[in-house]
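**Q** can't give you the sequence, but here's the structure:
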């Protein structure tokens, strides 16, 4: 799934009846698994000036980057964080790691050749789903359409459910991120 989708869906599932600060914790947990990918893209595209095809065909598969991505998508590490948060106890920690867990579980069936090592550091195994959230050769067009529809419904639900300026601002930012992302993708693939 695209990063904004994780943010919206996790707020719907975990953000209900939470304070503003705990909604922010849910949001951060939803975003964290994808932040290494954003950093990777900024380094390779913006700072190093590498062309798009080389970024994804070569640099994405380098061991150092793959280990960095795996750290933030590791079910055992997220599970450990969740366990510690429950033992302490910490509501913020529990919501943060539950949000990360939801992110990973939503991603698991939607990555094909770009699958993460979700059992890192204990295994290098990857679940290569027959479905991709982006690749048209693996139903990406259908999944993207479903994702956009689901996110728009979830955003409408959140907009109506939560009257706070904080949540409405986040929803507007997410809408802007989606529009910018899909505009950028159209330019890159045109």
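**A** Received, thanks. Model, not experiment: these values are computed from the prediction. Numbers count the residues shown, from 1 in each chain.

**Q** residue 168: neighbouring residues, count only.
**A** Neighbour count of residue 168, defined by other Cβ atoms under 10 Å: 13. From N, CA and C alone the C-beta is placed, and that goes for glycine too.

**Q** residues of the helix or strand hosting it that come out buried?
**A** Per DSSP states H and E, residue 168 falls inside helix 165-189. Under the neighbour-count criterion of 16 or more other Cβ atoms under 10 Å, helix 165-189 has 167, 170, 171, 174, 178 buried.

**Q** how far is it from where the chain is centred?
**A** Helix 165-189 sits 14 Å away from the centroid of its parent chain (Cα atoms, centre = their mean, to the nearest Å).

**Q** touching that helix from outside, list them.
**A** 2-4, 7-8, 11, 15, 20, 23-24, 27, 52, 148, 151, 155, 158-159, 162 (Cβ atoms under 8 Å, 6 or more residues apart in numbering).

**Q** if we go to 10 Å?
**A** Residues outside helix 165-189 that contact it (Cβ atoms under 10 Å, 6 or more residues apart in numbering): 2-5, 7-8, 11, 15, 20-21, 23-24, 27, 52, 134, 136, 144, 147-148, 151-152, 154-156, 158-159, 161-162, 164.

**Q** and what of stretch 79-93?
**A** Residues outside stretch 79-93 that contact it (Cβ under 10 Å, 6+ apart) are 18-19, 21-22, 24-26, 28-29, 74, 94-98, 100-101.

**Q** narrow those residues to those in helices?
**A** Members of the contacts of stretch 79-93 lying in helices (criterion: DSSP state H): 21-22, 24-26, 28-29, 94-98, 100-101.

**Q** next, count neighbours for the closest residue to residue 116 other than its chain neighbours.
**A** Closest residue to residue 116 apart from its sequence neighbours, by Cβ to Cβ, 6 or more residues apart in numbering: residue 73 at 4.1 Å. Other residues lying near residue 73 total 25 when counted by other Cβ under 10 Å.

**Q** all helices for this protein, in order.
**A** Using DSSP H, helices in the chain cover 3-14, 20-31, 35-41, 52-57, 63-72, 75-87, 91-107, 140-161, 165-189.

**Q** surely residue 68 meets residue 38?
**A** No: if you go by Cβ atoms under 10 Å, residue 68 and residue 38 don't touch, sitting 11.6 Å apart.

**Q** the two: which is more packed in?
**A** Using other Cβ under 10 Å, the more surrounded residue of residue 68 and residue 38 is residue 68, with 14 against 11.

**Q** what residues are up against the more buried one?
**A** Residue 68 sits next to 36, 37, 39, 40, 62 when contact means Cβ under 10 Å, 6+ apart.

**Q** without its sequence neighbours, what residue ends up closest to the fourth one?
**A** Meaning residue 40. Residue 40 sits nearest to residue 65 (Cβ to Cβ, 6+ apart), 5.5 Å away.

**Q** low-confidence bits of the protein, can you list those?
**A** Applying pLDDT under 70 to the chain flags residues 185-190.

**Q** follow-up on the earlier one: same list, the buried residues of helix 165-189, but as CSV with distance to residue 80 please.
**A** Below are the buried residues of helix 165-189 laid out as CSV (distance: Cβ to Cβ, whole Å):
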residue, distance to residue 80
167, 30
170, 28
171, 32
174, 29
178, 32
